[in-house]
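Trainee: build me a structure from this.
(one chain, ligands or ions: 1)
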Amino acid sequence: PGQLTLTIVVAGASGDLAKKKTYPALCFLYQHGFLCSNVRIVGYARTDLSDQALRDKLRPFLKNTPEDKREAFLATCSYVSGPYDTPHGWQRLAAVLDKRESATPKNPAGRLFYLALPPSVYPQVCRGLKEHCSSIATSSEPGRSWVRVVVEKPFGKDLQSSEDLAEHLGELYPEEQLYRIDHYLGKEMTQNMFVMRFANTFLSPLWSRTHVANVQITFKEDFGTQGRGGYFDEFGIIRDVIQNHLIQLLAFVGMEKPVSLHPDDIRDQKVQVLRCIKPPSLDNVVLGQYTAADGEDGYLDDPTVPQGSRTPTFASIVLYIDNDRWAGVPFIIKAGKALDERKAEIRIQLHETPHFIFAGESSSSRNELVVRLQPDEAIYMKFIVKKPGLDTEPVISELDLDYHSRYPDVIIPDAYPKLILDAIRGDQQHFVRRDELRAAWAIFTPLLHAVDAGEVPIHPYPYSSRGPEEADALRSRVGWVKNS
Ligand code: BG6
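Mentor: Numbers count the residues shown, from 1 in each chain. Got it, this is the predicted structure:
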C-alpha cells in the first residue's frame with residue numbers, strides 16, 4: 001500500500017496556543033521521526049502572513065530543536081489566510097490540500113485539522129472545514145484515507161452549553177472523527193495509572209472501600225493568572241482544571257477494568273464511574289481566591305480581571321462514587337493557583353492497621369500510595385518499617401520509584417506530542433468522548449450555577465500559601481489523617 005499523504009492543518013496558526021503548544025509539539029514529533037517525511041503542515045488563520053513570516057514567528061518557540069531539524073521542520077510549514085465565517089478562505093485551503101494529494105494519487109490521504117482556537121468559533125470553523133475541506137477526492141484507496149478534527153477545551157461552561165456545542169459539532173462530524181483533547185490524558189502518569197491498576201495483582205484486592213480510606217487528587221500551581229486573567233475569570237478553577245483534568249484522573253482511579261483495550265471499552269468504564277458521582281453538596285466544597293502577599297499581586301490586582309470578581313482560583317471538593325466498590329470513600333479534589341508549590345498528584349490513603357501491636361508515633365500512620373504526575377514523575381508508597389539500627393520502634397518510610405533516577409535515559413515527552421500522534425494513528429483512547437464530557441459536566445453544573453449566583457463563600461488566601469484553612473478542615477472532617 002502507498003504511503004500516507006499526511007497534511008496537518010493548524011487552524012488559528014497565528015495565535016498563542018499554536019505557537020506555544022501545537023507547533024512545538026509537531027516539531028518534537030518531526031524531530032524524533034514520528035511524522036512521515038512527506039508530511040505538510042498548513043497553518044490557517046485570519047492574519048495575512050507569508051509562509052516565511054509564519055516560519056519567522058514560529059522559530060523562537062522551537063528553541064529546543066537542533067537547528068538543522070528545526071529548519072527542516074519549518075520547511076514543511078506553509079500558511080493560508082482567510083476568514084472563519086465565509087467560504088473563500090476554506091476554498092483556498094481545500095485547493096492546497098487537493099493539489100497536494102493529487103500529486104500522489106495512489107496514496108491514501110490523511111487530513112488532521114487541529115483547532116488551536118477559542119471554542120466560540122468552533123461551529124463556524126468546523127462548518128467551513130466540513131463543507132469545503134473534508135472530501136478526499138483523489139485517493140485510489142479511499143478506505144484508508146481519513147479526516148480527523150482535534151478540538152480543545154473549554155467545551156462549554158456548563159452541561160447545557162457543552163451539549164449545545166457537542167450538538168453543533170456532532171451534526172458536522174461523527175464521534176469517530178472528533179478528538180477532544182484533555183492534555184492530562186497525555187501525561188505519562190495518567191496513562192500509567194491505568195496500566196498500574198490493571199496489571200498488578202497486589203493492588204487489585206486493595207482497591208476498594210475495604211482498604212482505601214480516602215483518595216486525594218491535588219493540583220497546585222505556584223503562580224497566579226500571569227496575564228491570563230481575562231480568560232480565567234470567565235471560567236474559574238472548577239471549569240479550568242477540575243471538571244476536565246482532575247475528574248479524568250479520578251475516573252482512572254475509580255473505574256472498573258474494561259473488557260478490552262479498545263478505546264470505547266475503556267471510555268465506557270470511565271463514563272460508568274462518572275455517572276455514579278452525584279453533584280457535591282455545598283458543605284463539601286471550599287472555594288478561595290488569592291490575595292496579594294510577599295510582593296506578589298492578588299487575583300483582583302490583575303488588570304485583566306474585572307473589579308470585584310468572585311471567580312474562585314482555588315477549590316476543594318469532596319466527591320463520592322456511589323457504587324459497591326467505593327461507597328463512602330471520599331475523593332478529595334483540591335486545585336489552586338498561586339499556592340506554595342507546583343505539584344499534581346494522586347494520593348490513596350489506606351485504613352490504619354486494625355490492631356497495632358507496636359508502640360510509638362506510627363501507631364496511627366496509614367499506608368499511602370502516591371502517584372506524582374509533576375514535577376518529577378514518581379510512584380511511592382508510604383509504609384511502616386523498623387527504624388534502622390538498634391532501635392526497634394516502627395517508622396514510616398518510602399518505597400520509591402522515581403522515574404528520573406530509574407529511567408535516566410528515557411525522554412518523557414509532553415502530553416501534546418503524544419496526543420497528536422494518537423490522533424494521527426487514529427487511536428481515540430486518550431480523547432474525551434461526548435458522553436464522558438456530559439457525565440463530567442453533570443457532576444459540576446449545579447455547583448457552578450450556585451457559584452455563579454454568588455451562593456458559595458469565597459475565602460481569601462495569601463499568594464504562596466497552602467490555600468484557605470477551611471480546605472484542611474474539610475479534608476479532616478471527611479476522614480483524612482495526617483501521617484506522622
Ligand atoms: C490548563 C489550564 O488546561 O492546564 C491552565 O487552562 C493550567 O490554567 C494548565 O495552568 C496546567 O497544565 P500542566 O500540564 O502545566 O499541569
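Trainee: starting at the chain centroid, how far to the helix or strand of the chain with the lowest mean pLDDT?
Mentor: Least confident helix or strand of the chain, by mean pLDDT, DSSP states H and E, is helix 16-17 with a mean of 89. Taking Cα atoms, centre = their mean, to the nearest Å, one finds helix 16-17 lying 16 Å from the centre of the chain it belongs to.
Trainee: contact partners of whichever helix in the chain runs longest?
Mentor: Taking DSSP state H as the criterion, the chain has its longest helix at helix 434-452. Helix 434-452 has contacts (Cβ atoms under 8 Å, 6 or more residues apart in numbering) with 155-160, 162-163, 166, 170, 175, 178, 180, 236, 238-239, 242-244, 247-248, 251, 267, 270-271, 274-275, 277-280, 282, 285, 287, 310, 312, 317, 319, 456. Every C-beta, even on glycine, is put in place using the N, C-alpha and C of the backbone.
Trainee: toward the C-terminus, what is the element adjacent to that helix?
Mentor: Scanning forward in sequence from helix 434-452 by DSSP states H and E, the next helix or strand is strand 458-462.
Trainee: in the stretch 201-350 of the chain, which residue sits nearest the ligand?
Mentor: D240 (4.7 Å; Cβ to the nearest ligand atom).
Trainee: follow-up on the earlier one: weed out the non-buried ones from the contacts of helix 434-452.
Mentor: Buried residues within the contacts of helix 434-452, defined by neighbour count using 16 or more other Cβ atoms under 10 Å: 155-159, 162-163, 166, 175, 178, 180, 236, 238-239, 242-244, 247-248, 251, 267, 270-271, 274-275, 277, 279-280, 285, 287, 310, 312, 317, 319, 456.
Trainee: can you give me the helices in the stretch 1-150 of the chain?
Mentor: Along the stretch 1-150 of the chain, the stretches classed as helices by DSSP state H, counting those that start in this stretch are 16-17, 23-31, 51-58, 67-75, 87-102, 122-133.
Trainee: ok, the stretch 151-300 of the chain next?
Mentor: So, for the stretch 151-300 of the chain - with DSSP H, counting those that start in this stretch - the helices run 159-172, 188-199, 229-237, 247-254, 263-275.
Trainee: any idea which of those is most buried?
Mentor: Mean neighbour count (mean count of other Cβ atoms under 10 Å) peaks for helix 247-254 among those, with a mean of 24.
Trainee: distance from that helix to the middle of the chain?
Mentor: 12 Å.
Trainee: what's next to stretch 158-174, contact-wise?
Mentor: 119, 122-123, 126-127, 130, 147, 149, 151, 155-156, 178, 434, 437-438, 441-442, 445, 448-449.
Trainee: recalculate using a threshold of 6 Å.
Mentor: 123, 126, 130, 149, 155-156, 434, 441-442, 445, 448 (Cβ atoms under 6 Å, 6 or more residues apart in numbering).
Trainee: just flag the most distant two among these.
Mentor: K130 and L448 (30.7 Å; Cβ to Cβ).
Trainee: next, count neighbours for the closest residue to T47 other than its chain neighbours.
Mentor: Distances taken as Cβ to Cβ, 6 or more residues apart in numbering place S14 nearest to T47, at 4.3 Å, with adjacent residues excluded. Counted with other Cβ atoms under 10 Å, residues neighbouring S14 total 21.
Trainee: how about T76?
Mentor: 18.
Trainee: quick one on the thing from earlier: quick check: the residue nearest to T47 vs F28, distance?
Mentor: 20 Å (Cβ to Cβ, to the nearest Å).
Trainee: E469 now?
Mentor: Taken as Cβ to Cβ, the span from E469 to F28 is 42 Å.
Trainee: which one of these two has more residues nearby?
Mentor: F28 (24 against 13).
Trainee: how many other residues sit next to the residue nearest to the more buried one when sequence neighbours are not counted?
Mentor: In space, and not counting its chain neighbours, F28 is closest to P417: 4.5 Å by Cβ to Cβ, 6+ apart. Using other Cβ under 10 Å, P417 is surrounded by 21 other residues.
Trainee: just checking, V151 touches L115?
Mentor: Yes - if you go by Cβ atoms under 6 Å, V151 and L115 touch, sitting 5.0 Å apart.
Trainee: once you drop chain neighbours, what's closest to the residue of the stretch 201-350 of the chain closest to the ligand?
Mentor: F232 (6.4 Å).
Trainee: wait, doesn't the one you found sit right on T225?
Mentor: Yes - using Cβ under 6 Å as the test, F232 is close enough to T225 to be in contact (4.9 Å).
Trainee: ok so, going back, tell me if the least confident helix or strand of the chain is near the ligand.
Mentor: No - residues of helix 16-17 contacting the ligand under Cβ under 6 Å from any ligand atom: none, with a closest distance of 10.4 Å.
Trainee: got the residues of the stretch 151-300 of the chain near the ligand?
Mentor: Counting by Cβ under 6 Å from any ligand atom, the stretch 151-300 of the chain sits next to the ligand at 183, 221, 240-241.
Trainee: rebuild those residues as TSV, extending it with pLDDT and neighbour count.
Mentor: Output for these, formatted as TSV (pLDDT from 0 to 100; neighbours: other Cβ atoms under 10 Å):
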residue	pLDDT	neighbour count
H183	95	20
E221	97	18
D240	95	23
V241	97	22
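Trainee: what is the most widely separated pair among those residues?
Mentor: Among these, H183 and E221 lie farthest apart (Cβ to Cβ), at 14.6 Å.
Trainee: quick check: H168 vs K337, distance?
Mentor: From H168 to K337 the distance is 31 Å (Cβ to Cβ).
Trainee: same deal with T445?
Mentor: In terms of Cβ to Cβ, T445 sits 22 Å off from K337.
Trainee: how far away is the residue of the chain most remote from its centre from I384?
Mentor: Here the centre of the chain is the reference, and by Cα atoms, centre = their mean the most remote residue is L390, at 48.0 Å. Distance, L390 to I384, using Cβ to Cβ: 18 Å.
Trainee: tell me which of the helices of the stretch 1-150 of the chain sits most buried.
Mentor: For the helices of the stretch 1-150 of the chain, the highest mean count by mean count of other Cβ under 10 Å goes to helix 23-31, at a mean of 23.
Trainee: which residues touch it?
Mentor: 35, 41, 58, 61-62, 65, 69, 73, 416-417, 420-421.
Trainee: let me know the closest of these to the ligand.
Mentor: Nearest to the ligand among those: Y416, at 9.3 Å, using Cβ to the nearest ligand atom.
Trainee: what's the helix or strand for that closest one?
Mentor: Here Y416 is assigned to helix 415-425, by DSSP H and E.
Trainee: which residues are contacting that helix?
Mentor: 21, 25, 28-29, 34, 148, 150, 179, 181, 183, 186-187, 430.
Trainee: give me the buried positions along that helix.
Mentor: Those would be 415-424, for helix 415-425 by 16+ other Cβ under 10 Å.
Trainee: repeat that for stretch 198-210.
Mentor: Those would be W207, for stretch 198-210 by 16+ other Cβ under 10 Å.
Trainee: send the alpha carbons of it over as PDB?
Mentor: Written as PDB, here are the backbone C-alpha positions of stretch 198-210 (Å, rounded to 0.1, in the frame of the first residue of the first chain):
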ATOM      1  CA  PHE A 198      -4.900  -3.400  35.900                       C
ATOM      2  CA  ALA A 199      -1.500  -5.100  35.600                       C
ATOM      3  CA  ASN A 200      -0.700  -5.700  39.300                       C
ATOM      4  CA  THR A 201      -2.200  -8.400  41.400                       C
ATOM      5  CA  PHE A 202      -1.100  -7.000  44.600                       C
ATOM      6  CA  LEU A 203      -3.000  -3.800  44.000                       C
ATOM      7  CA  SER A 204      -6.300  -5.100  43.000                       C
ATOM      8  CA  PRO A 205      -7.500  -6.500  46.300                       C
ATOM      9  CA  LEU A 206      -6.600  -3.200  48.000                       C
ATOM     10  CA  TRP A 207      -8.500  -1.100  45.500                       C
ATOM     11  CA  SER A 208     -11.900  -0.600  47.200                       C
ATOM     12  CA  ARG A 209     -13.700   0.800  50.300                       C
ATOM     13  CA  THR A 210     -12.500  -2.200  52.300                       C
END
